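Enquirer: no FASTA, just this:
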């Protein structure tokens, strides 16, 4: 059976508001996360991702109250990340209504967290987010909101994470984030070919064609984007119609609008 390709809007949340920047810098206020989540649920998004983008760097817990409010308004799968350092943190977010959790900095610092979370909640709940940037001839993993170069090879880390129990990997290409010039197809394809779990392309969507490129040439199973959806530059229904015409397996929008 061919798995449908997924379109995933992303809410980057800072101080309770959805924000957007370029290359993880110059954040601009966008909207209320609950209002935006409901809008995407109704528009036909396949999933929704919520990142508390400063929780790790500020060494604080995620805003669970906002997670609860968003979860109450949507019927699509919901992934939450940011500031999740322990199995107890993950459990709290899942109880608040998340279907999956995204771990990044904490997993690099303590890879056992991936294994422990997968064993307790099932690997389908555990998403590894990799913030990657080209350094010399390889892609390095960055943590703390893209601020710290771990010098860890992104492809090697993806393979290790799969062995530990990650059920999915989101590839955030820092160099293309917010630039709207397209996803990093080389990086996405390299990781997709290195692992046997789904990968999600993130960072760089600017046109409808960029999504098709990520899902075809980039071998991604899903494409995540933020600003093109937040600012109404791309309509999810139009995007899905285009992708279907490209021969990609896409879930019908009206299946959500019941």
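Expert: Perfect, thanks for sending it. Owing to the predicted nature of the structure, the values given are computational and were not obtained by experimental measurement.

Enquirer: give me the number of residues near residue 224?
Expert: 27 (other CB atoms under 10 Å). The way it works is simple: take the backbone N, C-alpha and C, and place the C-beta from them, glycine included.

Enquirer: where's it relative to residue 183, distance?
Expert: 9 Å (CB to CB, to the nearest Å).

Enquirer: do residue 248 as well
Expert: Taking CB to CB, one finds residue 248 at 15 Å from residue 183.

Enquirer: go on, residue 253?
Expert: Residue 253 is 22 Å from residue 183, by CB to CB.

Enquirer: neighbour-wise, which of those two wins?
Expert: Ranked by neighbour count (other CB under 10 Å), residue 253 and residue 183 place residue 183 first, with 27 against 21.

Enquirer: confirm residue 72 sits in a helix?
Expert: Yes: counting by DSSP: H, G, I helix; E, B strand; the rest coil, residue 72 is part of a helix.

Enquirer: can you tell me the closest non-neighbouring residue to it?
Expert: Nearest non-adjacent residue to residue 72, counting by CB to CB, 6 or more residues apart in numbering: residue 97, 6.8 Å away.

Enquirer: what is the burial count for the one you found?
Expert: 17.

Enquirer: what do you get for residue 85?
Expert: Neighbours of residue 85 under the rule other CB under 10 Å: 19.

Enquirer: that one contacts residue 107, doesn't it?
Expert: No: look at residue 85 against residue 107 with CB atoms under 8 Å: they stay out of range, at 9.6 Å.

Enquirer: between these two, which contacts overlap?
Expert: residue 113 (CB atoms under 8 Å, 6 or more residues apart in numbering).
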